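Novice: Fold the following for me, if possible:
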Amino acid sequence: MSVLEVLTYPDVRLKKRSEEVSQFDDDLRQFVADLQETMDGGPPSVGIAAPQVNRFQRIVIVDVSGMLAQAKQRKRRIKSSNNGRLCLVNPKITRAEGQVSGREGCLSVPDYTGNVLRASRITLFAQNTEGEAREYECSGFEARAVQHELDHLDGLLFLDRLVSSNELFRRQVYKLT
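Specialist: Numbering: from 1, shown residues only. Next comes the predicted model:
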């Protein structure tokens, strides 16, 4: 396994639309393992999409478990479903409900965060690395994270969905002492 280079804004490749996966083989499984290692080995994040590492296939990984555990430890409640680590191949949102604004950041836009409107609940169809289909129900923070990653598959960044131009913020950098 290896950590892959993450493309960062304003790299034009981030605007490219991804193709559906048609071969569920060892190459796909190896790439997904590398994508997971890249997500786990980089700055803390809850998701990563194949286009962020210059592979234009419809593949994303989302895992909000760590963020939810951290919030619980700090006695902060975050409304969210938790389906664990999701490896989603050829994902499609089949139903979306509600709308809520929330702050988002991105590995490909490391210096900024911004407020974005997203559906508060989604139903999602996806395949796994074996090609088996499954449906997921996601809500709250997990639904936001899934929608954010799926946008990458269509060449969109959270910057393209800002509530307004006043809703972009420089990311806070905290120094440990």
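
Novice: Next up, the contacts around residue 156.
Specialist: Residue 156 is in contact with no residue at all, counting by C-beta atoms under 8 Å, 6 or more residues apart in numbering. Bear in mind the C-beta positions are built from the backbone N, C-alpha and C, glycine included.

Novice: Give the burial count for residue 154, as a bare number.
Specialist: 14 (other C-beta atoms under 10 Å).

Novice: Spell out which helix or strand contains residue 125, please.
Specialist: According to DSSP states H and E, residue 125 maps onto strand 121-127.

Novice: Tell me the buried residues in that strand?
Specialist: 121-122, 124, 126-127 (16 or more other C-beta atoms under 10 Å).

Novice: Okay, residue 108 and residue 51: tell me how far apart.
Specialist: When distance is defined by C-beta to C-beta, to the nearest Å, residue 108 is 9 Å away from residue 51.

Novice: and the next element down the chain from the strand holding residue 125?
Specialist: Next along the chain from strand 121-127, counting by DSSP H and E, comes strand 133-139.

Novice: quick one: strands adjacent to that next one?
Specialist: Applying DSSP bridges to the sheet, strand 133-139 is found paired with strand 121-127 (antiparallel).

Novice: Name the residues that touch the strand it pairs with?
Specialist: Against strand 121-127 from outside (C-beta under 8 Å, 6+ apart): 21, 24, 86, 88-98, 133-139, 143, 146-147.
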